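1. Okay, here's the prediction I keep looking at, along with the sequence it came from:
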Amino acid sequence: MSTRKTRKTNAARMKAKFAQKAEEQKAAAGIGPKLPAGWTPPAENNAIEKKVRRATKNDAQTALQWFFNEIKGEIGQDGRAKSRIRRIPDKAFRPGRDPFIGQVFFFIYDAKWKDELPYWDQFPMVIPVSLYNDGFLGLNLHYLPPVGRAKLLDMLQKFKRFSATPRAYMKVSYNMLKYVVTHKMFAPCVHRYLTSHIKSNLVKVMDEYWDRAAMLPVQKFVGASAKDVWSGRAGPQTRRKKRK
């Protein structure tokens, strides 16, 4: 075989190898064509899920202690976060401030239609997906049980590892999250949040603590228990018509 043909063959093999790797990454995140049944991503790709599944009482206690020190403890009685580094003002969520897409935040919320909703969460843990002039669309992970939260966070962690910069991560996570909001499994998590109804600063959860955040039992549902929300017994979250 000539040197020229050898180079072409090697180039074709490398191209095919990279294409296969890209498809595997997409499939592992639930995007694009699915891989054959029985295929599972490498262990490091579902590290958060594994931690949540193996969590002991001590792990849960450690997570709660971290939460009260680093998250709840950050929000004072006036709703302001104590640390400037952790304090994200609600006005930051507006078009043009895209780096917030794909991050995880806690905040105190007062639902606009609370009198008509069968249940809602006063203390959301949200991943913003799209920004609007008056708020944002996000995935509230509290509407999923801990293992479901971990699966979604593992997907995002995977994209973080393959993204060279925060801006690059924002772009790929945005595309993935736009797919997620249409998925039946995550439909209950999709909510629109109005900045005028956010009653505290938004406190960001740093990446290295996503596993702890996933297992936290800090959802604050009004009108239903967490177990009923997760099992579907609470029913759809549709607004009730007021009696005249």
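-> Perfect, thanks for sending it.
2. list the helices and strands the longest strand along the chain packs on?
-> For the chain, the strand with the greatest residue count under DSSP state E is strand 125-132. On a contact count with 3 or more CB pairs under 8 Å, 6 or more residues apart in numbering; DSSP states H and E, strand 125-132 meets strand 105-106, strand 135-140, helix 146-162, helix 166-180, strand 190-194. Just so you know, the C-beta spots here come from the backbone N, C-alpha and C atoms, and that holds for glycine as well.
3. Quick one: neighbours of residue 171, just the number.
-> For residue 171, the count of nearby residues is 16 (other CB atoms under 10 Å).
4. Most tightly packed of the helices and strands packed on strand 125-132?
-> Ranked by mean neighbour count under mean count of other CB atoms under 10 Å, the helices and strands packed on strand 125-132 are led by strand 105-106, which reaches a mean of 24.
5. Would you tell me what the next helix or strand after that strand is?
-> Downstream of strand 105-106, the first helix or strand assigned by DSSP states H and E is strand 120-121.
6. Quick one: mean pLDDT over that following strand.
-> Averaging pLDDT along strand 120-121 yields 94.
7. so residue 134 makes contact with residue 196?
-> Yes. Counting by CB atoms under 8 Å, residue 134 does reach residue 196; the two are 7.0 Å apart.
8. And the closest residue to residue 187 other than its chain neighbours, how far from residue 166?
-> What sits nearest to residue 187 in space, not counting adjacent residues and going by CB to CB, 6 or more residues apart in numbering, is residue 181, at 7.9 Å. Here the criterion is CB to CB, to the nearest Å. By it, residue 181 lies 21 Å from residue 166.
9. Same check on residue 236?
-> For residue 236, the distance to residue 166 - CB to CB - is 36 Å.
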